[in-house]
Structure formats: C-alpha cells, structure tokens
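Q: I'll drop the sequence and a predicted model, then ask my questions.
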Amino acid sequence: MADITTSSSHSPVPWSRAGSWLSANRFYHGLSWAIPLLIVVLWEVAARAGWIAAQVLPAPSSVAATAWNLARSGDLFVHLGVSLLRAMTGFLAGGTIGLALGVLSGFSRLAQALVDRPLQMVRAIPFLAMLPLVIVWFGVGEVAKIFLVALAVLFPIYVNTMLGIRQIDPKLMELAKVIGMNWPAVVRRIILPGAMPSILTGIRYALAHAWLALVIAETLATTRGIGFLAMDAREFLQTNVILLTIMIYAIIGVAADALVRSLEARFLSWHANYANGGKP
Amino acid sequence: MSATLALSRHATDEPGGASEAAVQPSAVSVRGLQRRYGARVVIDALDLDIRQGEFVALLGESGCGKTTLLRALAGLDRLDAGLIRAPERPSVVFQEHRLLPWATLWENIALGHESRIGRTGAAHALAEVGLAGREDDWPRNLSGGQAQRVALARALVHDPALLLLDEPFAALDALTRIKMHGLVKELVARHAPGVLIVTHDVDEALTLADRILVMRAGRIAASFRPQDHTPRALRLRLLEELGVQSH
C-alpha cells in the first residue's frame, strides 16, 4: 500500500491521480476482506483459549480438519453430489415449466387469462407451508425433495419470463412487421433476447429459492446429502460438522450466483451495464 | 396483408396502367384513401402517386394525418376505404433508429434476411452510409446520427421500390441533419426508390424533394415543384400554407 503511494508521488500528475485512485481502490478492497478475516482469527483464538465451548462453536481449524477428513474418505463428495443432483433435477423441472408457462402468458392474452390467476394464487402460499401436504402426497423420498425444489423455482421464473416478454418495445415488434420477419425469427431475434435480462433475474431468484427449498427438504428423513450430514451431526452433537454443512450451503450459494453472473456476461454483453462481465 | 375493403398490395411491376406516367413506373399509387378514428376523419378521399426515383416531401401541421398516411403506405395501419397500390414491402425509417440493442450492426442490417443479405451485403450497406468496418460494433456505441445512418442502411439494403421516411432527422442536431440530407440525396440518387418523407421542416423539404405536398385536414391541400419557384419565394409560400405568418 505505502509503496504504491510513494512511487506514484514521483510520477507526473495524471499518473499520480490514477495511481492514488487505484491504491485507494485496493485499500478499500483489502479492508472489506480484513474484517471477516479478523473475525475468523478472533474466533480461532477464543476457541483455543477455551472461552467458547467446542460444543457451542468449535474452532475454524477444527472445521477445516473435519472438511479434510470427510473429503479424504470421499463421503463429502457423495453427499455433495446427491444434494447437487436434487437441486439440479428440481431446478430443471420447475424451471422448464415456469419458462414454458411464462412464455405462453407473455405472448397470449388468452393463455394469461387461463394460467395467470391460478398460478398467482398458488404463489401466494409460502412454499414451505406446503411441506406437510407434500409429505402426505409423496412421502419423504426423493420425489418429495425434488418437488419442493421445483415448486420453489417455478414462480420466480414464470413471473420474470412473462414480465420480460411483456416489456418488449412494441416499436421493435412493428419494425419486425415492416421488415417482414417470420414468427420464429421474431422469437429468436427480438423476443428472447429482449426478455433475457428479466429471465436471468428470474433465474437468480430461483436459485436462491431452490437453495432454501433444498435445505428444508434435506431435513426430511434422508440417508444421503448435505442435509443428512447436518442432521446426523446434530444427533451426535458434532458441531464442527454442522458448521461445515452450513458453510457448504453458503459456498454453493455463492457459486450459483457466480454462474448467473457468467450467464449475464455471456447473454447480455450487448448491454452497457453487463459489458465486460461487470457487476449489474 | 389485411383483407380490408378494396385494399390491394401488388408488386411494382403491375400489368397495364397504361394511362399514367409511361416514362417511369409508379412506386406507389393511392386512390380515395380514407381513415377514421371513431367519428373523426383523419384522412379523407386522398389521392397520391409517387413515381420510381421521385422524392416527395409531405409537410403539415401536427395531427393533419401525414404520419397516418405514411403508416397506411407501410402496411402498419388499416384503411377504412380506398385503394393503395404499393410494393409488398416498402422500407421504412422511423424517427427513432429502432436498432436492436442486442444485435451487432451487421445483424441489425440483415435482420430477418440473414441468409440472403449475409455479412458481406450488410458490410457493403454500412460502407455506403460511411460506417465501413463497424460490422461487429454494438448500437450503444453509436451517436444519434450514426444510429440513424445504420437505420438508413437497413432500409436500403433491400433495394426497396418505395422508401418511407417518418421524420427521420427530427431528433438530430442541426449540423448532423445537414450531413444526413447530403447522404440521403446521394443514396436515393443511387438506389432510385420512390421516396416519401414526412417532415415538419420546410427547409428539409426544400433541400431534398422533387415535389412538396402540404397536407391539411386529411387532404393534400397544395403541391409544389421546387424547380418552378425560387427557393425564397417557395419557402414563404409553404410557410403560409402551414399557417405561419411571416413578417
């Protein structure tokens, strides 16, 4: 930090401005990481000094060791794989239905009249309130878990797809008519790209909801999955494993967000806000 | 096309029509056109002919029906009565450029006809409007004048028999507008479509047109050929027709 500031003060004026701006940027970036790091260090110290009981909050190093052991035995990846598969299946099922219904409602007033109100009614139910009913319908097996995830994903994708299509500039549709574009070309060149920012927003919400659904679904009787790890650890008061599962859920959430960002950078490169993979 | 009343849209090379303008084929021909919004008649018993290669300007106060007429010629509006004989697909340049923000410039120009026009055809059209080499650029990197030039390229790439311009330069600054006038004149001379430009701007009409029409209350109220007048006299006359009292 200090180095950069000193060296920049020797350079000509525009450079020193750019340099100080850069170093200020780096400083704040560093600071934003320093606080979480400090907390982890304090936590470690407190745990080692015995100020916090290991049952309540084990040291970060102990959590890391747990992760290492579970990874070495391969158990971690089996559970992780099962969880990811559930999330993906549910996401694909709910996402496909949501996208299809959203496209229909966005295009046709008839379809909207038929589909929208019942969907909005079901949407008003917090999907976790459906849990007992889902257990009655599907038991506590895989189907129930996937159903919950699908249900959580369906609505954000449906609503945002419909809105995205509705918001397309009618002047562009008029242009399509003047140019004499055929219907598939209008969908491919105007409607889908025009609705894409909204659809991606829907996907972002859907991923967050899918996660929440997965966490809940995996507390139902399971023998595999990250949720099983947590439930099993609770039985034996292995707080370090519980912490590990919480962190895994957090990491997967961050990864999902990064995935949507990369989709945005790919599909919305035309958009000034998203150009160069920038943050929206 | 919409099957309203006597509306018929043919290709330009229509058979017969012996009487009118044997020299150049007609780009568009309108007979007895009427358009109503409820009880209000916006266009009333209007006749209009534009020959191939002819540049016609349509002046008129706001709400006189000139944009409605252009939209009817473009096939974007239904007719209540009358007959329009126009090419099936006239090209239109609107006041806004209407470029797809998510498509590159060449994709915008070839839009809907990618296989026929291709990248080469689009690149050629771009070069014609002075934007050579910008095929892969995005519309957001263009100035207002440049965007409107791309819109012009998108219209001309189809080599239209009829080109409709709906106040295409109204949103541009004065200097850019003058440059665009030069460009449009040059391009129209090369492609020789029949042109109808709707405008508020008397000087624009004087600069560009072979024939200037003044529309009032849904009818063509007056028609002038700039060649028959001195520009100064015609300018005053047109302003008078438009209800502007000049000192």
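A: All right, it came through fine.

Q: Tell me who's in contact with the closest residue to chain A within chain B.
A: When scored by Cβ to the nearest Cβ, chain B has B:Gly112 as its residue closest to chain A, at 3.6 Å. To be clear about C-beta, it is placed using only N, CA and C from the backbone, and glycine gets the same treatment. By Cβ atoms under 8 Å, 6 or more residues apart in numbering or on different chains, B:Gly112 lies in contact with A:Ala176, A:Ile179, A:Gly180, A:Met181, A:Asn182, A:Ala185, A:Arg189.

Q: can you narrow those to ones near chain B?
A: Counting by Cβ under 8 Å from any Cβ of the partner chain, A:Ala176, A:Ile179, A:Gly180, A:Met181, A:Asn182, A:Ala185, A:Arg189 from these sit close to chain B.

Q: Once you drop chain neighbours, what's closest to the third one?
A: Setting aside the residues directly before and after it, A:Gly180 is nearest to B:Arg89 in space (Cβ to Cβ, 6 or more residues apart in numbering or on different chains), at 5.2 Å.

Q: now do the first one
A: Counting by Cβ to Cβ, 6+ apart, the nearest residue to A:Ala176 once its immediate chain neighbours are dropped is A:Val186, at 4.9 Å.

Q: burial of the one you found, as a residue count?
A: Look at A:Val186: counted by other Cβ atoms under 10 Å in any protein chain shown, it has 18 neighbours.

Q: which secondary structure element contains it?
A: Assessed by DSSP states H and E, A:Val186 sits inside helix A:183-186.

Q: So what touches that helix?
A: Helix A:183-186 has contacts (Cβ under 8 Å, 6+ apart) with A:Met173, A:Ala176, B:Gly112.

Q: Kindly recompute the last result at 10 Å.
A: With contacts defined as Cβ atoms under 10 Å, 6 or more residues apart in numbering or on different chains, helix A:183-186 is touched by A:Ile168, A:Leu172, A:Met173, A:Ala176, A:Lys177, A:Ile179, A:Ile191, A:Leu192, B:Leu111, B:Gly112, B:His113, B:Glu114.

Q: Which of the residues you listed sits closest to A:Thr239?
A: Nearest to A:Thr239 among the contacts of helix A:183-186: A:Leu192, at 48.1 Å, using Cβ to Cβ.

Q: residue boundaries of the helices in chain B?
A: B:66-73, B:105-110, B:114-128, B:144-156, B:174-191, B:202-208, B:231-241 (DSSP state H).

Q: Need the winner for burial among those.
A: helix B:105-110 (a mean of 24; mean count of other Cβ atoms under 10 Å in any protein chain shown).

Q: quick one on the thing from earlier: ok, and for the helix holding A:Val186, which residues are buried?
A: A:Ala185, A:Val186 (16 or more other Cβ atoms under 10 Å in any protein chain shown).

Q: Just checking the distance from it to the centre of its chain.
A: Centroid separation between helix A:183-186 and its chain, computed with Cα atoms, centre = their mean, to the nearest Å, is 32 Å.

Q: what's the answer for stretch A:175-191, then?
A: The answer for stretch A:175-191 is 33 Å, by Cα atoms, centre = their mean.

Q: re the thing from before, out of the contacts of helix A:183-186, which are buried?
A: Looking at the contacts of helix A:183-186 with 16+ other Cβ under 10 Å, the buried ones turn out to be A:Ile168, A:Leu172, A:Ala176, A:Ile179, A:Ile191, A:Leu192, B:Leu111, B:Gly112, B:His113, B:Glu114.

Q: Would you convert the residues you listed into a markdown table that also reports pLDDT?
A: Formatted as a markdown table, the buried ones among the contacts of helix A:183-186 follow (pLDDT from 0 to 100):
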| residue | pLDDT |
| --- | --- |
| A:Ile168 | 92 |
| A:Leu172 | 95 |
| A:Ala176 | 94 |
| A:Ile179 | 92 |
| A:Ile191 | 91 |
| A:Leu192 | 89 |
| B:Leu111 | 93 |
| B:Gly112 | 89 |
| B:His113 | 91 |
| B:Glu114 | 89 |
